[in-house]
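1. Provided below for reference: sequence and predicted model.
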Amino acid sequence: MVLPDTPGMPHLGAHLILIILQFLKERGYKEAAHELERESGVYFDWDYMEELILEGRWEEAEKYLSGFTQLEDNRFSMKIYFEMRKQKYLEALDSDDVPKAMNILRSDLKFFKANKELFEELTELVALDNIRKNNKLALYSTEDARSAIRWEIKKDIELNPALQGKLILPGFEPCRLGYIINQSLNWQHSHCTYPVPNPVIHTLLADHRCQPPKSPVVPPADDALEVTSTDAHPALSQQPASEVLDDLPMKVIQTLKEELYPTDIDFSPIQQTYLLVGTGNGDIGIWEVGSGVKLFSDNFKVWNMEACSTKFKEAMIGDSSISITRVNWSPDGLLFGAAYSTHLVQIYVFGCGNNVKPQLEIEAHDGRVNDLAFSATNKRQSLITCGNDRTVKVWDVMDGVKRFTFEGHNAPVYSIRPQMKSGIEFIFSTSVDGKIRAWLYDDFGARFNHSAPGRACMVMAYSNDNRRLFSCGSNNDGESFLVEWDESEGSVKRTYQGLGKCSLDIAHFHTAKSLLAAGDEHMIKFWSMDNVKLLATTDAEGSLPARPRIRFNKEGSLLAVIADGNTIKILGPNKASQLLKTSKSGSLIAASVASESPMMDVEVHATQGGSS
């Protein structure tokens, strides 16, 4: 039953069976797991064998052992089979079941007849009225005898060449099959031509594909919205203005309190009520915003100070305070990371039962790290970072090996945005002098060089369908802009109205469905992507800073905003209470698979390493 290995990938078939074994045992299918062990021969479960011996289930023990070695394979195998058959024979005599004992002697022990002295000794026991008078059984109860033989068998199993390499499972994390399936589903969904925000997946027997939307008949645009494009999302283009406003996340439905002021936030792309938070003292946490419960919290510490550079150690001695500049989830929701104000990036694994483990610590840049993002290039998970040292770097997310360093910016790189268009993978980067560059995953330099309006510092974001590119920023005079770009021309396609001129800080913005939102002038401002005029505003019941950080969840139903007093306010539409109840189910993809049984939780293996 052992699957053939793929050329160039040794043991792939055995690894697949081990992953299936893990799944069967995690789900309680123990008999199926042991049968698979026996038929495949890839893993010998000593704990199971020990259980069979202690319970005297000799036929089952011998059947299980036969999947790995036969009686005549070697002297260790021969001794194991003999010890089990001899004990079965003695127990039959001890219970006065002479016919059973004679059958064992004639069939199971017949192979050992060549040892005449031993075989005669065993045969003579049948004639005794009480074998305990002249046998070692007089010293042991049945349970004690089984316990003693157990250790003899274990020694022979450990020395048996037929079982070498099969007694210890390789080190891999729990729920591995769930991780692989979730990764596959999210990868399939990311390649849908028309991805929907909340796909319902009914089968694993075929690749997932979102159905293309039916072409809507778009009525004349409402005057209040002034929608001029038929590309507008139906949620906005086909609803009266009052209904559109009801659907906007403008109602405060939850308030979260941190010990120190939050510096950045990000919703999980999979479990859309899970909010990742970084703070001004380097702490990181995850909230379930529906219940207001903090699921995870970790105070900042350097995981491996010995691996850090002298420059970083000196910086820590001179100023031990360190804050988080950016937090971000990976697209599959299995990893999240934090960028820090000095040198470091730390990556965590988010797995089974909301279990969180440190995975990777990288001294990524010389000085402040301004942004981080995850990207799957050529089906290989990568981490991208940028910093005040004017570079963009690409790392292997599993082992921290640096793959690329992109140089060419003449000022600190403020933000990065990995993207794929027409099958081409690239990275946008923006620097504080307003320069935009695009990089392919190679060593041939920037492929795209443009300037933002007014030499401004800015951030960039794509729409959910990855078809439209937006940026928001501020110039040296405090003038702010929010624009849509024509990527083919490298020019501004649309400039949105309504941003204030009150600060040199960047107005942080985000996209969801056909909406744009920005934190500006102590409030949150909303636009339809197809209308340059301001759609709506809210002050979130007050206490917002001049330019608050905001973040939509993936489907745009919730909006988080960092407020004064170390708080984070969660905004939702008027139907928010019902929304939170249905959203608490977790993964939008994973939770919808196989509605009759729960989807597997996921976790990946954690390693540590990296240097700048």
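-> That came through fine.

2. model confidence score at the residue nearest the centre of the chain, please.
-> Centroid-nearest residue in the chain: Leu334, 1.2 Å away (criterion: CA atoms, centre = their mean). We have a pLDDT of 90 for Leu334.

3. my read is that it contacts Gln183, right?
-> Yes: assessed by CB atoms under 8 Å, Leu334 is found in contact with Gln183 at 7.2 Å. (C-beta placed from N, C-alpha, C; glycine too.)

4. for the stretch 401-550 of the chain, which spans come out with low pLDDT?
-> 452-457, 476, 502-504 (pLDDT under 70).

5. mind doing that once more with 80?
-> Scanning the stretch 401-550 of the chain for pLDDT under 80 picks out the ranges 421-423, 448-458, 474-479, 487-491, 501-506.

6. so which residues of it form strands?
-> 402-407, 413-421, 424-431, 435-440, 446-451, 457-462, 469-474, 480-486, 491-495, 509-512, 515-520, 523-528, 536-538, 550-552 (DSSP state E, counting those that start in this stretch).

7. so what does the fourth one touch, helix or strand wise?
-> Helices and strands touching strand 435-440, as assessed by 3 or more CB pairs under 8 Å, 6 or more residues apart in numbering; DSSP states H and E, comprise strand 402-407, strand 424-431, strand 446-451.

8. now with 7 Å, please.
-> strand 424-431, strand 446-451 (3 or more CB pairs under 7 Å, 6 or more residues apart in numbering; DSSP states H and E).

9. how about the longest one?
-> Under the contact criterion of 3+ CB pairs under 7 Å, 6+ apart, the helices and strands touching strand 413-421 comprise strand 369-377, strand 380-387, strand 391-396, strand 424-431, strand 457-462.

10. okay, these in TSV with mean neighbour count and distance to Phe552 next?
-> Conversion of those to TSV gives the following (neighbours: other CB atoms under 10 Å; distance: least, CB to CB, whole Å):
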stretch	mean neighbour count	distance to Phe552
strand 369-377	22	17
strand 380-387	23	21
strand 391-396	22	25
strand 424-431	21	20
strand 457-462	20	10
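
11. out of those strands, the one nearest Tyr29 is which?
-> Smallest distance to Tyr29 across the helices and strands packed on strand 413-421 (CB to CB): 30.5 Å, for strand 380-387.

12. and the closest one with strand 369-377, angle?
-> Relative orientation of strand 380-387 and strand 369-377, computed by axes from the mean of the first three to the mean of the last three CA atoms, to 10 degrees: 160 degrees.

13. please compute how far strand 380-387 lies from its chain's middle.
-> 16 Å (CA atoms, centre = their mean, to the nearest Å).

14. report the inter-axis angle for that strand versus strand 413-421.
-> 150 degrees.

15. and strand 380-387, what does it pack against?
-> Here strand 380-387 touches strand 369-377, strand 391-396, strand 413-421, going by 3+ CB pairs under 7 Å, 6+ apart.

16. output it as PDB, restricted to C-alpha atoms.
-> Output of strand 380-387 as PDB, limited to C-alpha atoms (Å, rounded to 0.1, in the frame of the first residue of the first chain):
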ATOM      1  CA  ARG A 380       6.700  29.600  -2.000                       C
ATOM      2  CA  GLN A 381       5.700  31.700   1.000                       C
ATOM      3  CA  SER A 382       7.800  34.800   1.300                       C
ATOM      4  CA  LEU A 383       8.000  37.700   3.700                       C
ATOM      5  CA  ILE A 384       8.600  41.200   2.400                       C
ATOM      6  CA  THR A 385       9.900  44.100   4.500                       C
ATOM      7  CA  CYS A 386      11.000  47.700   4.100                       C
ATOM      8  CA  GLY A 387      12.700  50.300   6.300                       C
END
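
17. correct me, but Leu499 touches Val483?
-> No: judged on CB atoms under 7 Å, Leu499 makes no contact with Val483 at a distance of 10.4 Å.

18. the two: who's more crowded?
-> Between Leu499 and Val483, Leu499 has the larger neighbour count (other CB atoms under 10 Å), namely 23 against 19.

19. chain neighbours aside, what residue packs nearest to the more buried one?
-> Counting by CB to CB, 6 or more residues apart in numbering, Ser480 is the residue found nearest to Leu499 once chain neighbours are left out, at 4.0 Å.

20. what's across from that neighbour in the sheet?
-> Ser474 (DSSP bridges).

21. who's in contact with it?
-> 474, 499-501, 507, 520 (CB atoms under 7 Å, 6 or more residues apart in numbering).

22. one more time with 8 Å, if that's ok
-> 472-474, 499-501, 506-507, 520 (CB atoms under 8 Å, 6 or more residues apart in numbering).

23. let me have the residues you listed in a markdown table, extended by distance to Asn466.
-> Below are those laid out as a markdown table (distance: CB to CB, whole Å):
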| residue | distance to Asn466 |
| --- | --- |
| Cys472 | 18 |
| Gly473 | 21 |
| Ser474 | 26 |
| Leu499 | 24 |
| Gly500 | 30 |
| Lys501 | 31 |
| Ile506 | 23 |
| Ala507 | 23 |
| Asp520 | 25 |
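
24. might you report the residue contacts of the closest residue to Asp520 other than its chain neighbours?
-> Of all residues not flanking Asp520 in the chain, Ala507 sits nearest, at 4.4 Å (CB to CB, 6+ apart). Ala507 makes contact with 472-474, 480, 482, 499, 518-520, 547, according to CB under 8 Å, 6+ apart.
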